[in-house]
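Participant: how does the following fold in three dimensions:
(chains A and B)
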Amino acid sequence: MHSLPLLLAQSAEDVAREIERLERNYKFLSYGLTVAWTIVVVYVLMMFSRQRKLKQEIANLKAMLEDKGPPSRDR
Amino acid sequence: MRDKLVYVLGAAAILLFVRNILAITGLPPEAQQGAIFKIIFFHVPMAMTAMLCSFVALVGSVMFLITRNFKYDAVAVAVTEVGLALLLGNLVTGSIWGRIIWGIWWTWDARLTSALVCWLLYAGYLMLRRAIEEPTQRATFAAVFSIFAFIDVPIVIFSIKWWRTQHPQPVFWGGGSFPPDWAQVFWLNVLAMILFGAVMCAVRLSQEEQQRELDSLRRMAHAF
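Facilitator: The predicted model follows:
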């Protein structure tokens, strides 16, 4: 007679613990995926920024060289 | 032509990732570990792609030392950088998985330690390149360093076979198996990660070419 409420109480506790475990599990899964994608996105953004910088520098130098003209003609 | 191919491969990688993320969301939690097990769908493909990158870096470095062609040096640096980013993702996702399953963020286990050493070695490779100005000397030293760094890659891969480690045995190669629908999503994610890595390597390679063009323009500018 006494064991039934005890069993119910235990299973309710178990359910609560299991829910907590599942929530923690999902929370950490989302952390993992967020970090993985953040690393990927940051790297892609760094790549884009480097690309833009390189193109800009090349364009600037080409423009500068065109302005100056070939060295043999100047001298 | 190469740019178009890069765009097509990039779009294919993104589509595959989106498809896989939807598929992974639909899969039930694993019986023993729960939902956190799903991190394997990113943790392992990142490691596999990073290891593939280090192998390509080894080939590029050896080819540079044989031919002295800077094209191979550019390949080596491009794949090393992409591999380093992916290995970082692998280490971090593994650490988050370990916090739930082992109760700790990190342990000095053979697999984890060798993977960290691998990351530090390849980070050292990139730092070494920044430290040397002269291009031929830079490429030669970097190639030798890359070959030396590759020694750690088989140690990372086989550490779980050679020593008793806390890191689990691999699912496919350690006698375990996935249900067919899980295996399909897993291998498609490996493919997506390799495609993504290839696209990033191609972009990085074109940047190395642009860097060489920039260096030659600078030399011309100095000649005036």
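Participant: report the rounded mean pLDDT for stretch A:53-60.
Facilitator: Averaging pLDDT along stretch A:53-60 yields 91.
Participant: quick one: contacts for the residue nearest the centre of chain B?
Facilitator: Against the mean C-alpha coordinate of chain B, by CA atoms, centre = their mean, the closest residue is residue B:50 at 1.8 Å. Residues near residue B:50 by CB atoms under 8 Å, 6 or more residues apart in numbering or on different chains: B:83-84, B:86-87, B:90. All C-beta atoms are positioned from the backbone trio N, CA, C, and that covers glycine.
Participant: now render those as CSV, adding secondary structure, distance to chain A and pLDDT.
Facilitator: Listed next are the contacts of residue B:50 as CSV, based on DSSP: H, G, I helix; E, B strand; the rest coil; distance: CB to the nearest CB, whole Å; pLDDT from 0 to 100:
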residue, secondary structure, distance to chain A, pLDDT
B:83, helix, 11, 95
B:84, helix, 9, 94
B:86, helix, 8, 94
B:87, helix, 10, 95
B:90, helix, 8, 93
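Participant: show me what from chain A comes close to chain B.
Facilitator: Residues of chain A found near chain B (CB under 8 Å from any CB of the partner chain) are A:21-22, A:24-26, A:28-29, A:31-33, A:35-36, A:39-40, A:43-44, A:47, A:50-51, A:54-55, A:57-58, A:61-62, A:64-65, A:68, A:71.
Participant: hmm, try it at 6 Å
Facilitator: Within chain A, the positions near chain B by CB under 6 Å from any CB of the partner chain are A:25-26, A:28-29, A:31-32, A:35-36, A:39, A:43, A:47, A:54, A:57-58, A:61, A:65, A:68, A:71.
Participant: residue A:68: what's it in contact with?
Facilitator: residue B:224 (CB atoms under 6 Å, 6 or more residues apart in numbering or on different chains).
Participant: right, and residue B:146 touches residue B:57 too?
Facilitator: Yes. Shown here, residue B:146 and residue B:57 form a contact pair, counting by CB atoms under 6 Å, at 5.2 Å.
Participant: now list whatever residues contact both of the two.
Facilitator: When contacts are counted by CB under 6 Å, 6+ apart, the set common to residue B:146 and residue B:57 consists of residue B:76.
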